[in-house]
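Q: Structure for the following, please:
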Amino acid sequence: MADFLLELLSEEIPARMQAKARNELARLFAECAAAAGLETGAIDVHSTPRRLVLIAHDVAEQTEAAREEIKGPRASAPSQALDGFLRKTGLSREQIEDRDGVLFAVVERPGRAADDVIAEAVKRVVAEFAWPKSMRWGSGSLRWVRPLQGIVAMLGEEIVPVEIGGICSGATTVGHRFHHPGPITIGGAADYAEKLRACHVIVDQNERERLIREGAAAAATEAGLTLLEDEGLVVENAGLTEWPVPLLGRFDPEFLDVPREVIVLTMRTNQKDFACTNDEGLLAPAFVCVANVSATDGGAAIGQGNARVLAARLADARFFWEQDLKVPLEEQAKKLDGIVFHEKLGTVADKVERVAKLARWLVEEGIVKGADADQVERAARLAKADLVTGMVGEFPELQGVIGGYLADAQGEPKAVADAIRDHYRPVGQGEQAPAAAVTVAVALADKLDSLVGFFQFGEKPTGSKDPFALRRAALGILSIIIDNELRVSMRDLITKAAHAGGANAGRDIATFLIERLKVQQREAGIRHDMIDAVVAVETGGDNVRMVLRVQALQSFVETGDGADLLVAYKRAANILKKEDWVGPQVMSSAEEQGIPQTGEEDPLVLVEEPGLKEAIAEMASGHAGADLPQEKALIGALDAAEPKASAAVEAEDFTGAMAALASLRKPIDAFFDHVTVNDPDSAKRERRLNLLMRFRDAVNCVADFSKIEG
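A: Okay, the predicted model is just below:
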């Protein structure tokens, strides 16, 4: 066995494509080897800006020989069928076996040398590689992310001959573009990484990331500062450098009057630089850049060059900021009627009007407590005003943030400025929902308006497509409601947020929100079937109450009493289903007399016989004529548990409700162990089925246990 080394050398590969490219390289090679029957050990993949690398360990010397029997037509079949079979197998008529009138071909396939298999695999890998974008160059037809310049293909210490697009494989590559641009001869997979390291190329991207992470933090610490951590920037810089060297640079402190987020984003997006903070956590006029060389002057010139470019970028940002400061947000907001939000939902100004009214309603109805209704409406009317500012035009990622800064600078109340800044939150799963009352009202109204409006006009998410980020909006709505314990019916919210002229989509929206609730609660370890069990009985649409109930249910079911009660419940439910039992069937006096009934009145209302109604109720409860102690014990347990569970549910003491149900475990187990439900005596059978129905319904008043898996 030997190790196989493949290096595909090219012009610079975009950093954002490298992680996926490593996975694609490993996948394609493994598929090719497996299809050919070539055994390999572990496969390692690496990338640098200029190369993709694969090392397959413990590659077998050859594939195993194979013998295959292929059944053909009958010997008496027409000659055309025989000719087709011969062509398919590549054998002559003399090589075909006749077994009881049926023809068989025995095909022997000898083992193939590993280098032959690998050569074919490399060609297929390059031909089928799925780059997000690829290009052709020169007069050839070869496509690659950037012009392919060299191929190293070595099995052990031997070159695997491969020719792709006029490029022949060999044992030669190049080192660092500046430190060692000349050729390097590789001995094989064993010395590849160390030879490149000696030529200023670190092949392992994980090692480059560690060097950047630790080096950038050390550079900031040495200057008495703290690095603003950014793992995405670490990965990006590792994809841009083969020999990363973090360096500290500084910029003019005068630029610090520009909003912090603008400075950080300018550094990150345009320069790939890390920001730094001082001891007080404030942004410092310093940055850490990552060079791709070991400079003879310690990196002074590189730092100064980065500082000059950054200064130009920050000067542009400051210009936009100063211009925006001159225009009140209220004036900016007047321009929103010229921006279409959606062809079916009107302009952004139309949306602002709806959100302002909905946000004020949330406060006036007492759903969001502790907020000033006038401030809420003011914040809602200014929340989208920064969309027409120069700063947001330059930095779209900062919409809301810029509005908050402008509102603060223009003298708006702090609660209003904060609401403008944070009304998009939470943006993603896991982000903290806003807690300030004014912000909560505006953020909830904004997301509700979008979700309800798009659903009403048929713009729902389909499959993986969600162009209007409605899944994110739904998660945001749920986070705001649950984290802030807003006691409100989702039905009322949907009704209030409904758009004039839109379809009635309340049921679809409610279902969509329940599915998002399952996604959200999964992060907290809640099972989806627990939510289904509670949704079936929690019809008021109060999400806070629902989550409390779900948490208590799952905690209960995971106990021994809960698990046993679930088994007993399913047994009772199965018996009732098998018997198609729905309870006592009594004909009313009106029915007996043939009087037609209209409406949906309870038939018991028309019963005339004195005491019959009470008798039916007692029969349904299981009291009538219990003759076994296990029956009586279950009846007594239900008599005690039902009112306790109902009262606890009403008081939202769901843990107490589960505790009441737990008292039914032993009596129901004893009932099943000693009582024959389907007794030959029809009266006993009916009574016992009614008792099981009562047990089932008592459990269902807390949660629909039929929805619980297991």
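Q: Skipping its backbone neighbours, what lies nearest residue 324 in space?
A: For residue 324, ignoring the flanking residues on the chain, the nearest one in space by CB to CB, 6 or more residues apart in numbering is residue 389 at 4.5 Å. Heads up, the C-betas are built off the backbone N, CA and C, glycines and all.
Q: Please report phi then psi for the one you found.
A: The phi/psi pair for residue 389 (degrees, to the nearest 10) reads phi -80, psi 160.
Q: residues in contact with it?
A: Applying CB atoms under 8 Å, 6 or more residues apart in numbering to residue 389 gives the contacts 320, 324, 327, 332, 402-403, 406.
Q: What pLDDT is listed against it?
A: Per-residue pLDDT puts residue 389 at 97.
Q: Go through this protein and flag its longest helix.
A: As assigned by DSSP state H, the longest helix anywhere in the chain is helix 300-325.
Q: Counting neighbours, which bits of that one end up buried?
A: Neighbour counts using 16 or more other CB atoms under 10 Å place 302-303, 306-307, 310, 313-314, 317-318, 320-321, 324 of helix 300-325 among the buried residues.
Q: would you list every one of the helices in the stretch 501-650 of the chain?
A: 506-522, 528-535, 543-557, 560-578, 589-592, 612-621, 629-650 (DSSP state H, counting those that start in this stretch).
Q: These: which one's closest to residue 690?
A: Smallest distance to residue 690 across the helices of the stretch 501-650 of the chain (CB to CB): 5.2 Å, for helix 612-621.
Q: Give me the mean pLDDT for that closest one.
A: In this model, helix 612-621 has an average pLDDT of 46.
Q: The closest residue to residue 283 other than its chain neighbours and residue 401, how far apart?
A: Of all residues not flanking residue 283 in the chain, residue 260 sits nearest, at 4.9 Å (CB to CB, 6+ apart). Residue 260 sits 9 Å away from residue 401 when distances are taken as CB to CB, to the nearest Å.
Q: Between those two, which is the more surrounded one?
A: Comparing residue 260 with residue 401 by other CB atoms under 10 Å, the one with more neighbours is residue 401, at 22 against 15.
Q: what helix or strand is the residue lying closest to the more buried one once chain neighbours are set aside on?
A: Counting by CB to CB, 6+ apart, residue 401 lies nearest to residue 261, which is 5.2 Å off, once chain neighbours are set aside. Using DSSP states H and E, residue 261 maps to helix 260-266.
Q: which ones are touching residue 89?
A: With contacts defined as CB under 8 Å, 6+ apart, residue 89 is in contact with 70, 72, 96, 105, 107.
Q: One more: residue 95?
A: By CB under 8 Å, 6+ apart, residue 95 lies in contact with 105-106.
Q: List the buried residues in stretch 443-458.
A: Residues of stretch 443-458 classed as buried by neighbour count (16+ other CB under 10 Å): 443-457.
Q: which other residues reach the helix holding residue 261?
A: Helix 260-266 is contacted from outside by 228, 255-256, 275, 283, 310, 313-314, 317, 321, 391, 395, 397-398, 401-402, using CB under 8 Å, 6+ apart.
Q: cool, stretch 493-500 as well?
A: Outside stretch 493-500, the residues that touch it by CB under 8 Å, 6+ apart are 345, 354, 358, 361, 445, 448-449, 451-453, 456-457, 504, 506, 509-510.
Q: For residue 506, list the residues it contacts.
A: Shown in contact with residue 506 (CB under 8 Å, 6+ apart): 491, 494-495, 498.
Q: ok, 10 Å please
A: Taking CB atoms under 10 Å, 6 or more residues apart in numbering, we find residue 506 in contact with 452, 455-456, 490-491, 494-495, 498.
Q: Take those residues and keep only those in helices.
A: Short answer: the contacts of residue 506 in helices (DSSP H) are 452, 455-456, 490-491, 494-495.
Q: Nearest to residue 168 among these?
A: Nearest to residue 168 among the ones in helices among the contacts of residue 506, with distances taken as CB to CB, is residue 455, at 59.5 Å.
Q: Skip the chain neighbours and tell me the closest residue to that closest one.
A: Nearest residue to residue 455, sequence neighbours excluded (CB to CB, 6+ apart): residue 505, at 4.2 Å.
Q: Same question for residue 270.
A: Closest residue to residue 270 apart from its sequence neighbours, by CB to CB, 6+ apart: residue 313 at 5.2 Å.
Q: the bottom helix or strand of the protein by mean pLDDT?
A: Every helix and strand in the chain was compared by mean pLDDT, DSSP states H and E; the lowest is helix 589-592, with a mean of 40.
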